[in-house]
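Colleague: Predicted structure and sequence below. I'll ask about it afterward.
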Amino acid sequence: MTQWRNWSGLESSDPTDVVTPASVAEVAAAVTDAAERGTTVKMVGTGHSFTGIAAPEGVKLSPAALSGILAVDRDAMTVTALAGTPLHVLNDELARLGLSLHNMGDIAEQTLAGATSTGTHGTGGTKASLSAQVSGLEMVVGDGTLVRASRDENPDVFAAARLGLGALGVLTSLTFDVEPLGVLEAHEQPMLWDEALARYDEFVDANHHCDMYWFPHTDRMQVKVNNRLDLEPDEAEPLSRFRAWLDDDFLSNTAFAGVNALGNRAPGLVPRLNELSGRLLSERTYSDVPHRVFTSPRRVVFREMEYALPRETGLAALREVRRLIDASDWRISFPVEVRMTPSDDLTLGTSSGRDSIYLAFHVNRRTDHTAYFGGVEEILRAHDGRPHWGKVHTRTADDLAPAYPRWQEFLDLRDRLDPDRLFTNTYLRRVLGD
């Protein structure tokens, strides 16, 4: 069976061939073969993007055999890994080596190529996205050759391919800046809407990382801040095994799935269920190695839209979204997530050139997302928002181009590296044009 389907079930495709390359040479051979046959080729990840950005239409390359660490440079504090390595595998291997990434999002199932190519990000820190932590890469381009890029070598390729949408070539390895493995302390506390938003800048500026969650139809929010401690990893104070299971497994997954199922059957109950969920939140503080604080399991399947807005307008947009939800008949059971990232220098990075507030909107897979996401998207577009490349949105090349000052730079590089569009698909035709 060759059909490809993403995790959320929103996207699928029927590639003509499946290849599992185990080396750069085999990737290059697959690209050359696809070019000779006049078809397309696409390396898929684990399907955690909500868009069809990785959907293969011709040859599907599986990343399964391209996993693992290739090199560790403790002088430069970099680690090079094969591009098909799942993020959770890299995290575990780095911890074993006494190393860590600086920042990451809240799941770790993606491949390194998929996570960087779509702009997966965390919140706060000096570098928020995985792409911004890349210091070098290797990629097979449209003529089957291997291109290396870093700040010093092919810097134009480096600027674009760290977040290349899969449109420039097939990534085969990535080099990441790393830091010594330390301890991250998380402090989570429930808070009401007015206080949380009034203190938002305080939380962001006074802590290394800040994440907020608003429960629609209520005044309830949860605020989470993370800070590095001057401790050794064995001095951390993680949650007890029972508390971790109760909070992050049972309540956040099993019980939350039940709440969503009940809300789907009786939408009128959703506001009261959200209020109850918000009231049941308790304050907690714990510490652990960074990836165990940043990431957590996600077993409730959902659909997501996320936009990056200029930091100075992000909370105003959130307030408008709340007014829209309050005036609508939508019943939204998932919290809205609020994160902040520093600016970066990625050609098509959603935080390129500006500090950004990210607003993320979710529904479970049994809920029709179109009206909710569509209504909210109008507000986010009006605030100069940029959609996350791997999450649901309706934007096209014509109206994305004005949002990115370096748009033409990316297109020119694409013409140079993939003139025959070997790496394209339906999604890329929509967002980048032919």
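Modeller: Good, I have the coordinates.
Colleague: Show me which positions of stretch 416-427 end up buried.
Modeller: Counting neighbours by 16 or more other CB atoms under 10 Å, one finds that the buried residues in stretch 416-427 are 417-418, 421-425, 427. Backbone N, C-alpha and C define where each C-beta goes, glycine included.
Colleague: cool, stretch 243-259 as well?
Modeller: 244, 247, 252, 256, 259.
Colleague: Next, format the residues you listed as a markdown table and append secondary structure, distance to residue 185 and pLDDT.
Modeller: As requested, the buried residues of stretch 243-259 are exported to a markdown table (DSSP: H, G, I helix; E, B strand; the rest coil; distance: CB to CB, whole Å; pLDDT from 0 to 100):
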| residue | secondary structure | distance to residue 185 | pLDDT |
| --- | --- | --- | --- |
| 244 | helix | 15 | 85 |
| 247 | helix | 16 | 83 |
| 252 | helix | 20 | 85 |
| 256 | helix | 25 | 88 |
| 259 | helix | 29 | 87 |
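Colleague: Residue 188: which of these is nearest?
Modeller: Ranked by distance to residue 188 (CB to CB), the buried residues of stretch 243-259 are led by residue 247 at 9.2 Å.
Colleague: Could you find the closest non-adjacent residue to the closest one?
Modeller: residue 239 (7.0 Å; CB to CB, 6 or more residues apart in numbering).
Colleague: For the one you found, give me the pLDDT.
Modeller: Per-residue confidence (pLDDT) for residue 239: 89.
Colleague: Next: the one 4 residues further on.
Modeller: Residue 243 is assigned a predicted lDDT (pLDDT) of 85.
Colleague: heads up, I number from 26, so please use that
Modeller: Fine by me, first position is 26 from now on; the one you just mentioned is residue 268.
Colleague: Please export the C-alpha coordinates of the helix or strand hosting it as CSV.
Modeller: Residue 268 is part of helix 266-269, with elements assigned from DSSP states H and E. Taking C-alpha atoms only, helix 266-269 is exported to CSV below (Å, rounded to 0.1, in the frame of the first residue of the first chain):
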residue,chain,number,x,y,z
ARG,A,266,5.7,9.2,38.4
PHE,A,267,2.2,9.3,39.6
ARG,A,268,1.7,13.1,39.2
ALA,A,269,3.2,13.0,35.7
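Colleague: Just the residues contacting that helix, thanks.
Modeller: 263, 309 (CB atoms under 8 Å, 6 or more residues apart in numbering).
Colleague: How far does that helix sit from its chain's centre?
Modeller: 27 Å (CA atoms, centre = their mean, to the nearest Å).
Colleague: Run through the stretch 76-225 of the chain and note the low-pLDDT ranges.
Modeller: Flagging of the stretch 76-225 of the chain using pLDDT under 70 yields an empty set of residue ranges.
Colleague: Walking through the stretch 126-275 of the chain, point out its helices one by one.
Modeller: 137-143, 180-186, 218-223, 225-231, 266-269 (DSSP state H, counting those that start in this stretch).
Colleague: Show me the one of the ones you listed that comes nearest residue 153.
Modeller: helix 225-231 (11.6 Å).
Colleague: now that closest one, how far from the centre of its chain.
Modeller: With CA atoms, centre = their mean, you get 22 Å for helix 225-231.
Colleague: For it, buried residues please.
Modeller: 225, 228-229.
Colleague: by contact count, what packs against it?
Modeller: strand 234-239, strand 245-254 (3 or more CB pairs under 8 Å, 6 or more residues apart in numbering; DSSP states H and E).
Colleague: If we use 10 Å, what do you get?
Modeller: Where contact means 3 or more CB pairs under 10 Å, 6 or more residues apart in numbering; DSSP states H and E, helix 225-231 is packed against strand 234-239, strand 245-254, helix 336-352, strand 361-366.
Colleague: Of these, which is nearest residue 295?
Modeller: So among the helices and strands packed on helix 225-231, helix 336-352 is nearest, using CB to CB, at 11.1 Å.
Colleague: Can you check what angle separates that closest one from strand 234-239?
Modeller: 20 degrees (axes from the mean of the first three to the mean of the last three CA atoms, to 10 degrees).
Colleague: Now do helix 336-352, average pLDDT.
Modeller: Here the average pLDDT along helix 336-352 is 98.
Colleague: Go through that helix and flag the buried ones.
Modeller: So for helix 336-352, counting by 16+ other CB under 10 Å, buried means 336, 338-340, 342-343, 345-347, 350.
Colleague: quick one, phi psi at the residue nearest the centre of the chain?
Modeller: Centrality entry for the chain: nearest residue to the mean C-alpha point is residue 145, 2.6 Å, by CA atoms, centre = their mean. For residue 145, the backbone dihedrals (degrees, to the nearest 10) come out as phi -50, psi 140.
Colleague: List the contacts of it.
Modeller: 73-74, 112, 129-133, 135, 137, 139, 153-156, 188, 413-415 (CB atoms under 10 Å, 6 or more residues apart in numbering).
Colleague: redo that, cut-off 8 Å
Modeller: By CB under 8 Å, 6+ apart, the neighbours of residue 145 are 129-130, 135, 139, 154-156, 415.
Colleague: Output those in a markdown table; the columns should cover neighbour count and distance to residue 253.
Modeller: Putting the contacts of residue 145 into a markdown table (neighbours: other CB atoms under 10 Å; distance: CB to CB, whole Å) gives the following:
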| residue | neighbour count | distance to residue 253 |
| --- | --- | --- |
| 129 | 27 | 14 |
| 130 | 20 | 18 |
| 135 | 25 | 24 |
| 139 | 28 | 27 |
| 154 | 27 | 19 |
| 155 | 29 | 18 |
| 156 | 26 | 22 |
| 415 | 25 | 28 |
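Colleague: hang on, the earlier thing: how many residues are close by the residue nearest to residue 272?
Modeller: Neighbour count for residue 264, taken as other CB atoms under 10 Å: 18.
Colleague: okay but it is in contact with residue 311, surely?
Modeller: Yes. Taking CB atoms under 8 Å as the definition, residue 264 is a contact partner of residue 311 at 4.7 Å.
Colleague: okay, residue 26: pLDDT?
Modeller: 54.
Colleague: quick one on the thing from earlier: for the residue nearest to residue 272, give its distance to residue 321.
Modeller: 11 Å (CB to CB, to the nearest Å).
Colleague: Switch the helices of the stretch 126-275 of the chain over to a markdown table; also include distance to residue 194.
Modeller: Formatted as a markdown table, those follow (distance: least, CB to CB, whole Å):
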| stretch | distance to residue 194 |
| --- | --- |
| helix 137-143 | 10 |
| helix 180-186 | 7 |
| helix 218-223 | 43 |
| helix 225-231 | 36 |
| helix 266-269 | 40 |
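Colleague: closest to residue 380 out of the ones you listed?
Modeller: Across those, closest to residue 380 is helix 225-231 (CB to CB), at 9.4 Å.
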